[in-house]
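Asker: Build me a model from this:
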Amino acid sequence: MQLVKPSTKIEGFYMEDPHSMERIGRVCYKSEDKITDDSAERFIKARLGKHESVIEHSALTVRFICDRGISHELVRHRHCAFSQESTRYVSYMGGVAFIIPPWVDLPEGEHAIDETLSYKRITDNVAWLIDMRKAELAYLDKLDRGWTPQQARSVLPNSTKTELVMTTNFREWRHIFKLRCDKASHPQMRELMIPLLVDVKKVIPIIFDDLEVGK
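Answerer: Numbers count the residues shown, from 1 in each chain. Just a heads-up that it's a prediction; the model follows:
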């Protein structure tokens, strides 16, 4: 049984360079005559929070490693493209990987447990680990009985690791960060989105610098 920490990776992004984006945006006002060598950043930042349609001429692709529960929240977002690891077709015959939630203090890596332990004599961390092992054993048993992966997956919990690639435009990403970095968001979602926002600010500061965690 393998335990994994959640993570994100920026796969790539597309943005018309700031000057091109400014030219696109100024079509709305027919104010192309106001373009100067240093007007692009000022023009784009003035649109943020007001008329953000101009930043839809863009795309950001992110790879998520997370649990199935969090992936169910991610795919609820609109105007996005998703490609996700399929439990219908992927067989975990070699062992199931689970995401460690932030309230469980266990290291990443392979774990073996003594299944004879009593719940009264173990910590909450080990109790969770035992639950994951039971789910893994139930899944493997179903495969041994001839069930297909899409049938056997019915016994897998939300903590099952999944990989998901998500693409959408900068305007939608701004909405996602505002929603998913907020203090009211699920702790596991914030665990993913807050570091991602920090990374995105580094590579696309003109679009995301004004966003703050928990605001």
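Asker: just checking, next helix/strand downstream of the worst-scoring helix or strand of the chain on mean pLDDT?
Answerer: For the chain, the helix or strand with the lowest mean confidence is helix 18-26, at a mean of 82 (criterion: mean pLDDT, DSSP states H and E). The helix or strand immediately downstream of helix 18-26 is helix 40-47, counting by DSSP states H and E.
Asker: Check the offset of that next one from the chain's centre.
Answerer: Mean-position distance between helix 40-47 and its chain equals 28 Å (CA atoms, centre = their mean, to the nearest Å).
Asker: for the record, mean pLDDT for that helix?
Answerer: On average, the pLDDT along helix 40-47 is 84.
Asker: cool, and stretch 4-17?
Answerer: Over the span of stretch 4-17, the pLDDT mean works out to 92.
Asker: Check which residues of that stretch are buried.
Answerer: For stretch 4-17, burial by neighbour count (16 or more other CB atoms under 10 Å) applies to 6, 8, 13, 15. In this view, the C-beta of every residue, glycine as well, is placed from N, C-alpha and C.
Asker: Leaving out sequence neighbours, find the closest residue to the residue nearest to the spatial centre of the chain.
Answerer: Note on the chain: the residue nearest the mean C-alpha position is residue 64, at 4.3 Å, using CA atoms, centre = their mean. Closest residue in space to residue 64, ignoring its immediate chain neighbours: residue 164 at 4.6 Å, by CB to CB, 6 or more residues apart in numbering.
Asker: Check which helices and strands the helix or strand where the one you found lies is in contact with.
Answerer: Assessed by DSSP H and E, residue 164 sits inside strand 161-168. Packing partners of strand 161-168 (3 or more CB pairs under 8 Å, 6 or more residues apart in numbering; DSSP states H and E): strand 58-67, helix 68-74, strand 81-84, strand 97-99.
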